[in-house]
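S.K.: With the sequence up front, the predicted model follows.
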Amino acid sequence: MIGFVTTNEGKYREVAAMLADAGVKMVHEDRSYPEIQADRLEKVVRFAATVLDDQIEGDYLIDDSGLFLDAFGGFPGVYSSYVHKRLGNSGVLKLLADAKTRAARFETAFLLRQGEAHDVFHGECQGTIAAGERGTGGFGFDPIFVPEGATKTFAEMTVTEKNRYSHRARAVAALLAHLRGPKEP
Ligand code: IMP
């Protein structure tokens with residue numbers, strides 16, 4: 001049994017759907033933990049684990065994600081949460097109004113604590129920032145992000161559809177590959 005430590009209902013829904021399909025048991029640990037300001041998502045989850053290790057008995061999973069805009073050298077990236085809170089999706093659209101490119105990507109870093117081990121898994125999703133906000137599903141930047149290969153924003157997709165493209169779904173795939181262990185020769 002793995003506890004997914006997140007206060008974000010949307011993240012939980014996405015990961016739970018994939019793990020259930022794979023037959024992996026997960027529960028929602030609805031609690032927060034310290035998120036340091038660091039230059040990489042991986043550092044954020046590794047620091048959080050130093051705190052959660054003392055608070056949580058069993059195996060757990062944490063997720064730190066960010067939106068990286070090509071026009072701004074990857075900003076907001078690790079500052080995504082702050083930018084979303086302060087500027088919102090409309091603020092990001094304004095920032096990009098005169099930008100040379102609307103290319104963007106989401107990244108996720110997962111940390112799994114299993115027994116004594118800590119393992120980190122990454123997922124990435126390339127895409128573009130839409131001209132305006134579209135859709136009511138999902139959370140965060142979902143209404144303005146269109147993944148490569150799609151025309152809908154993440155917010156116009158069901159959880160199952162978003163999981164076909166998303167950074168988080170790719171991190172889940174890496175996590176599942178790890179849980180299944182090395183393939184028999
Ligand atoms: P967090 O620090 O991982 O919770 O996320 C940083 C910011 O990115 C928050 O504003 C989240 O709402 C947003 N975010 C994280 N993952 C996603 C996603 O899959 N879609 C849209 N926004 C996201």
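M.R.: Received, thanks. Residues are numbered from 1 along each chain as shown.
S.K.: contacts and neighbour counts: CA atoms only from here.
M.R.: Fine.
S.K.: before we move on, could you check phi and psi at residue 118?
M.R.: phi -120, psi 120 (degrees, to the nearest 10).
S.K.: That one: what's it in contact with?
M.R.: 111, 112 (C-alpha atoms under 8 Å, 6 or more residues apart in numbering).
S.K.: Measure how buried residue 173 is and give me the count.
M.R.: Residue 173 is flanked by 18 other residues according to other C-alpha atoms under 10 Å.
S.K.: Which of the helices or strands spans it?
M.R.: Assigned by DSSP states H and E, residue 173 belongs to helix 167-180.
S.K.: Show the secondary-structure elements that that helix is packed against.
M.R.: Under the contact definition 3 or more C-alpha pairs under 8 Å, 6 or more residues apart in numbering; DSSP states H and E, helix 167-180 sits against helix 9-21, strand 103-114, strand 117-129.
S.K.: what does this structure put close to the ligand?
M.R.: 63, 64, 65, 66, 80, 81, 84, 139, 140, 141, 142 (C-alpha under 6 Å from any ligand atom).
S.K.: CSV for those, including secondary structure, pLDDT and neighbour count?
M.R.: Output for the residues of the chain next to the ligand, formatted as CSV (DSSP: H, G, I helix; E, B strand; the rest coil; pLDDT from 0 to 100; neighbours: other C-alpha atoms under 10 Å):
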residue, secondary structure, pLDDT, neighbour count
63, strand, 98, 24
64, strand, 98, 22
65, strand, 98, 24
66, strand, 98, 23
80, helix, 97, 18
81, helix, 96, 17
84, helix, 98, 17
139, coil, 98, 13
140, coil, 98, 18
141, coil, 98, 22
142, helix, 98, 22
